[in-house]
Each structure stands twice: as structure tokens, then as C-alpha cells.
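J.: Please find the sequence and the predicted model below.
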Amino acid sequence: MKLRLDDVSVTFQLPGGSHQALSPVSLAVPEGRFISLIGPSGCGKSTLFNVIAGLQPPTTGQVRLDGEDITGAIGRVGYMLQKDLLLPWRTVLDNVVLGMEIQGWPAKESRARARPYLHRYGLGGFEDRFPATLSGGMRQRAALLRTLLIDSDVILLDEPFGALDAQTRARMQEWLLQLWADFGKTVVFVTHDIDEAIFLSDTIHVMATRPGRIIETIDVPLSRPRPASISTTSGFTALKQHCIELLHQDQPLEDAA
Amino acid sequence: MSGQSTSADDFIEVPKPKAQAARPRRPRRLPKEVLWSLPKLILIQAGLFASLVAAWEIAARTRLLDPFFWSQPSAIASMLVVFFSEGTAWLDITTTFRETILGFVLGTSLGAALGLSLWWSRNWARALQPYIICFESIPKLALAPLIILIFGIGLASKVAIAAALTMVVSTITTYSGVRAVDRDGERLFYSLGASRWQVFRKFVIPSCLPWIISILRVNIGLALTGAVVGEFIAAEHGLGRTIFYAGQTYEIALVWVAVIVLASLSIAMYVAVSALEKVLVRGVTHS
Ligand SMILES: Nc1ncnc2c1ncn2[C@@H]1O[C@H](COP(=O)(O)OP(=O)(O)O)[C@@H](O)[C@H]1O
Ligand SMILES: [Mg+2]
């Protein structure tokens, strides 16, 4: 297994008592797979990512990368947080090389390495622009390239397309699949959009709240490459129906935002 | 309120306002002031200045104002020429200017450094907080005589007063910037495996730069105040010293001249710092 979580749980100590954000979660991600976590807001998706990225110490459990215990270690997996967090004082190119820079690459080499990627993945001509002048889709591309260009085989993407409009989102999904095919990285993807999860993933882990946990793991048997029209096939709609039922079970008549 | 009044309406007859006599009213429009053109504006400003000066001169000549205390524009104008041709104008200006700039740079950068350093430990930031507040609430100028005693009557004491005045503002503003640093941005850096030093250098400092830049304009004025007050107390040269000594020897025209020169210096430095601020802001925000 590329990435393994063994009984990871997180309990926050709050002034008014403790709050269990995650009850023990176990997860195994094979190398090169694209897996998704879906679940309603507050079910602990971001918390789980923070644990994997070493930003949040788990209350119990371990995170293993290639069998090595990396619990609490930072800089071992690529992590794209929910916000794009591009630095406004850096150009697009200098934002993209940030990860390499922090990992000790000389500035010149990291730029030389990043340039062709910017060209190939739709940011050609934008290298010297500042983030404030980019559209939402472009910003996400830059943030994603920044995550991909560091030396780690696993990347975590936390609702990267959540703030985009439907059309941009569809284009970005295809773009992401292209990147995934080219880079061959292992991807863990968080979303609360069922269509998005099915379209992109090999495996979907459905989560529920109170406490946050995985309630079911679903393999997506659709072959790749997947055309956009796949969402109307019976295999797709059956999966979707199943996911909707699972999510409703958890939150009957509540806001499933 | 409105809910209550409607229920009351059902029982109490509310007198209706009498219908207004059908007088045709002119439709009311937004009040509008037409702006003067730039030449007209400048002309009017110059006119105001000229009338003020003329009024002063006339009042002094007719003894409405005692020229011994108030002096008069004609005397001030000739004193201005004397001050620059035979007097200590350039020495005074360069002295005050040097004190101000050194105090400004020293105070602002020390304050910014102290404010930024508080990022490193929330514990130390909390431990130092009462001292910073304390130092802020002391009227620093009240310490000026003490500073003169410690640093002597030369450049050092004026720089120290100017620095003391500017440093506190700088520390407090920078620390506000530190507390406003985006936590998620820090987390991004850490997720990439950054050291604290890298986060500090590549994220915290750039995030705080707009805050530090915003202090400059305030601080240049504070630094000048500090330098001039220091010169009032004890100095060999400087505009403040000239004002003080001219006042003591009843050379009121020279007081006015030095004040005018001081004001010009202040405006010039303010304009320069504003221009610098603009350049820096553009360099930092890129929006
Ligand atoms: N630092 C924290 N302190 C206390 N509670 C937190 C903290 N971070 C997250 N939580 C709580 O943990 C739960 C899961 O949050 P999160 O992982 O952000 O959910 P999701 O990303 O699935 O929307 C929420 O109830 C949230 O309020
Ligand atoms: Mg989240």
C-alpha cells in the first residue's frame, strides 16, 4: 500500500468539553490510484487531511507511507488546502515553485523545471502575472501545479474545485485527470459533489458525521478514459443513487451543504 | 413598534393629517455643487493667502496687533532673506533633517523588528504585552530631558528621542500585522515541509510589509517632532534650537522664519515618504 491509515481518530479538547471530529478511521490507498472521500460538511474530511499532512496530531492511530510511519511528519505528501493560498506578492511562476524552493531546490533550477509544466498545463503566458489578475480556474491550476511539483508521490486535494462555476469545474476535472495520468501520482480527493467523485475516482469512501467516520467504501467500475457523457450511463446513475442514499441516511432532512 | 400601533389602530381613531392645499410644488432635486476648475481653485487659494498676509501687515502697521509680539509679513520676508544669506539656515536644516531621518529609520526598523519577533513565541508576546502598552502610554516627550542627560546635547540625543517616539507605533502596528497573518498560509508552508525560519522569511515578513509601510507616513512626522523638541531642550544647531533662542531674545520675525522653514521641511519629507509608500505598496501588493 502506498498510503495507510490505521485507526486514526481525532478528538478536539474544547473549553466546553471534548469533541470527537473523527472516530477511528482506517484507509488503504494503493499506489497510483485516485480515491475520493465524500461526505457532508463537518464530517472531518479536512481534519483527516491535516492528520495525513502532519499538521494535526491524531489522538490515536498512525499514518504510513510506503510502510514507513510518517505520523506527525510534514512535507511528506503534497497537500492542496481548501483555499488556493497563492502568495499575492509572487508571480505565478514563483508561486508554482514555492514547494520546490522550500525543499531546497536552487531558484534557477526550480524555475527551469517548472516552466515547461506551466506551458503544457494551460498557464503558458501567465508565468509573470500576479495571482490577483487570474481567474478562479487559473488560480486553481497554479495551486495544483505547486502541489504536484514537489517530490512526493501522494497528493491530497481538499475540495479544489468547490468555488468554481459548473463549466469551469467540468473543464478542471478533465484537466486534473490529464495531470494524474501524466504524473502517475496517488491522489486522495475530497469533495461533497457526488458526480465529481464518481467521474474522477477509482474508489469512493463515503463519510458520515457525529462522529466523523467512513460508512462505506465503493469501487467505481467505470473504465477509463471516461468521457463527459458517462454521467448519463446506467452504471453511473446507479452508483450515484447509491451514494445519495448513503448520504441521506446520515443526514435525514438536514442541510447537506 | 409597528405591530403594536396597527393593533391600536383598530380601537383608537388616529387623526389623519389634513390634505395639503393643492399647491404645485417644484420637484426637489439632489443638491449639487459644481466643482471649480483647477486654475480657478488655485487662484482662489492664492487670493485667500494674499488677503491673510495683507490683513496681518495692515493690522500690524495700524497697531491693531503689536508687532513686537506678532511681527509682520514684511519683516518676516526680509528676515527670511537674511536667514538664508547670512544666517544659519542650511546648517539648521541639515542638522534637523539628519536627526529626523536617523531617528525615523532607527525607530521604525527597531519597532518593526520587535513586532515581527513576537511571531516566534506567543508566550513571549503575551509576556511582553504589558510592557509594550506601558511604554506606549508614557508620554515619550516627558522623557526628553532625561534622554538629553544620557546622550548629550549632540546628534545622538535627538535621534534617540525621535526613535523612541516612532518605535512604539512601529512595534504595535507590526504586531497587529503579525496577529493578522493568515493561519492557512502558514499551514500551506508547513505542509510543504517548511522550517519556522522559512515561514518567517517567506511568509510572515511579506504578509506584514503592508502594515510596516503604512507606518512610514505617521512616523516621519513623529520623528520630526521628536527632533525639534530635543533641540528645544538643548542643542547647538537645528531649526528647533533657532526657534527657541529667537523666542527667548524676542526676535519674533526669526521665529516665524524658522517655523516656515520647518513646515516646508516637514511637508517635503511627508511628500517624499508618501511617494516612497506608493512605490512600496505597488511593489508588495501587485493588485
Ligand atoms: N481546530 C479545531 N478545533 C476544534 N474543532 C475543530 C477544529 N478543526 C475542525 N474542528 C471540528 O471538527 C469537525 C470536522 O471539521 P472538518 O474536518 O473541517 O470538516 P469537513 O472538512 O469535512 O467539512 C467540525 O465539527 C469542526 O467544527
Ligand atoms: Mg473541509
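T.: Right, received. Where do you want to start? Ligands and ions are numbered 1, 2, ... in the order given.

J.: In the beta-sheet assignment, what are the partners of the most centrally placed residue in chain A?
T.: Closest to where the C-alpha atoms of chain A average out (C-alpha atoms, centre = their mean) is A:Leu157, at 1.6 Å. Counting by DSSP bridges, A:Leu157 is bridged to A:Met80, A:Phe189.

J.: Counting neighbours, what do you get for the residue lying closest to B:Val261 once chain neighbours are set aside?
T.: Leaving out its chain neighbours, the residue that sits closest to B:Val261 by C-beta to C-beta, 6 or more residues apart in numbering or on different chains is B:Leu239, at 6.1 Å. Bear in mind the C-beta positions are built from the backbone N, C-alpha and C, glycine included. Here the count is done by other C-beta atoms under 10 Å in any protein chain shown, and B:Leu239 has 28 residues near it.

J.: What is the neighbour count of B:Ala60?
T.: The burial count for B:Ala60: 19, using other C-beta under 10 Å.

J.: so who does it touch?
T.: By C-beta atoms under 8 Å, 6 or more residues apart in numbering or on different chains, the contact list for B:Ala60 reads B:67, B:70-73.

J.: how would you label A:Ser110: helix, strand or coil?
T.: helix (DSSP: H, G, I helix; E, B strand; the rest coil).

J.: ok, now how distant is it from B:Arg25?
T.: A:Ser110 sits 73 Å away from B:Arg25, going by C-beta to C-beta, to the nearest Å.

J.: neighbour count winner among these two?
T.: Each of A:Ser110 and B:Arg25 has its neighbours counted (other C-beta under 10 Å); A:Ser110 has more, 22 against 7.

J.: Is it correct that that one is in contact with A:Asp94?
T.: No - contact status for A:Ser110 versus A:Asp94: not in contact, 9.3 Å apart, counting by C-beta atoms under 8 Å.

J.: if we can go back for a sec, right, and the residue nearest to B:Val261 touches B:Val228 too?
T.: Yes - counting by C-beta under 8 Å, B:Leu239 does reach B:Val228; the two are 6.6 Å apart.

J.: which residues in chain B form helices?
T.: Counting by DSSP state H, chain B has helices at residues B:2-9, B:38-61, B:67-70, B:73-85, B:89-117, B:122-137, B:144-151, B:155-179, B:183-191, B:196-199, B:205-233, B:239-248, B:252-285.

J.: could you list every residue that touches the closest residue to B:Leu222 other than its chain neighbours?
T.: Distances taken as C-beta to C-beta, 6+ apart put B:Leu165 closest to B:Leu222, at 4.5 Å, once the chain neighbours are dropped. For B:Leu165, the contacting residues are B:103, B:107, B:140-141, B:222-223, B:225-226, by C-beta under 8 Å, 6+ apart.

J.: Report the two members of the residues you listed separated by the largest distance.
T.: Longest distance between any two of these is 13.8 Å, between B:Gly107 and B:Leu141; criterion C-beta to C-beta.

J.: Looking at these two, which one has more neighbours?
T.: B:Gly107 (28 against 17).

J.: Now do the closest residue to chain A within the stretch 1-150 of chain B, the pLDDT please.
T.: Proximity of the stretch 1-150 of chain B to chain A (C-beta to the nearest C-beta) peaks at B:Leu116, 16.1 Å away. On pLDDT, B:Leu116 comes in at 94.

J.: where along the stretch 151-257 of chain A do the helices fall?
T.: A:166-183, A:194-200, A:234-250 (DSSP state H, counting those that start in this stretch).

J.: With the stretch 1-150 of chain A instead?
T.: Under DSSP H, counting those that start in this stretch, the stretch 1-150 of chain A gives helices at A:45-52, A:92-96, A:98-102, A:107-120, A:136-148.

J.: mind checking which of the ones you listed is nearest B:Glu136?
T.: helix A:98-102 (36.6 Å).

J.: Which strands and helices lie in contact with the closest one?
T.: Helix A:98-102 is packed against helix A:107-120, helix A:136-148, with contacts defined by 3 or more C-beta pairs under 8 Å, 6 or more residues apart in numbering or on different chains; DSSP states H and E.

J.: Which of those sits closest to ligand 1?
T.: helix A:136-148 (17.4 Å; C-beta to the nearest ligand atom).

J.: Please pick the buried ones from the contacts of B:Ala60.
T.: B:67, B:71-73 (16 or more other C-beta atoms under 10 Å in any protein chain shown).

J.: Who are the contact partners of the residue of the stretch 151-257 of chain A found nearest ligand 1?
T.: Ligand 1 sits closest to A:Gly212 of the stretch 151-257 of chain A, with a gap of 5.9 Å, by C-beta to the nearest ligand atom. The contact partners of A:Gly212, taken as C-beta under 8 Å, 6+ apart, are A:20-23, A:25, A:39, A:42-45, A:47-48.

J.: Dump those to CSV, plus distance to ligand 1.
T.: Below are the contacts of A:Gly212 laid out as CSV (distance: C-beta to the nearest ligand atom, whole Å):
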residue, distance to ligand 1
A:Gln20, 9
A:Ala21, 3
A:Leu22, 8
A:Ser23, 12
A:Val25, 12
A:Gly39, 6
A:Gly42, 4
A:Cys43, 5
A:Gly44, 4
A:Lys45, 3
A:Thr47, 3
A:Leu48, 7
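
J.: Type out the PyMOL command that picks the buried ones from the residues you listed.
T.: Here is the PyMOL selection string for the buried members of the contacts of A:Gly212, based on 16+ other C-beta under 10 Å:
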select buried, chain A and resi 20+21+22+23+25+39+43+44+45+47+48
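
J.: Contacts made by stretch B:149-160 with the rest, please.
T.: Residues from elsewhere that reach stretch B:149-160 (C-beta under 8 Å, 6+ apart): B:95, B:98-99, B:102-103, B:106, B:147-148, B:226-227, B:230-231, B:234-236, B:238.

J.: buried set for it?
T.: Those would be B:151, B:153, B:155-160, for stretch B:149-160 by 16+ other C-beta under 10 Å.

J.: For B:Leu118, the count of nearby residues, please.
T.: For B:Leu118, the neighbour count with other C-beta under 10 Å is 20.

J.: and the closest residue to chain B within the stretch 51-200 of chain A, what pLDDT?
T.: Closest to chain B within the stretch 51-200 of chain A is A:Gly75: 1.8 Å, counting by C-beta to the nearest C-beta. At A:Gly75, the pLDDT value in this model is 85.

J.: Am I right that it is in contact with B:Ser195?
T.: No - look at A:Gly75 against B:Ser195 with C-beta under 8 Å: they stay out of range, at 9.7 Å.

J.: For these two, work out which one has more neighbours and name it.
T.: A:Gly75 (22 against 13).

J.: Next, the contact list for the spatially closest residue to that one that is not a sequence neighbour, please.
T.: Sequence neighbours aside, B:Gly193 is the residue nearest to A:Gly75 in space, at 1.8 Å (criterion: C-beta to C-beta, 6+ apart). Going by C-beta under 8 Å, 6+ apart, B:Gly193 touches A:74-76, A:102-103.

J.: Among the residues you listed, which pair sits farthest apart?
T.: Largest pairwise distance in these, by C-beta to C-beta, is 13.0 Å, between A:Arg76 and A:Ile102.

J.: circling back to that earlier point, among the helices and strands packed on helix A:98-102, which is the most enclosed?
T.: helix A:136-148 (a mean of 22; mean count of other C-beta atoms under 10 Å in any protein chain shown).

J.: Pull the residues that contact that one.
T.: Taking C-beta under 8 Å, 6+ apart as the rule, helix A:136-148 contacts A:78-80, A:84-86, A:92, A:95-99, A:114, A:117-118, A:121-123, A:126, A:131, A:134, A:155, A:157, A:160-161, A:163-165, A:168, A:171-172, A:175-176, A:179, A:183, A:185.
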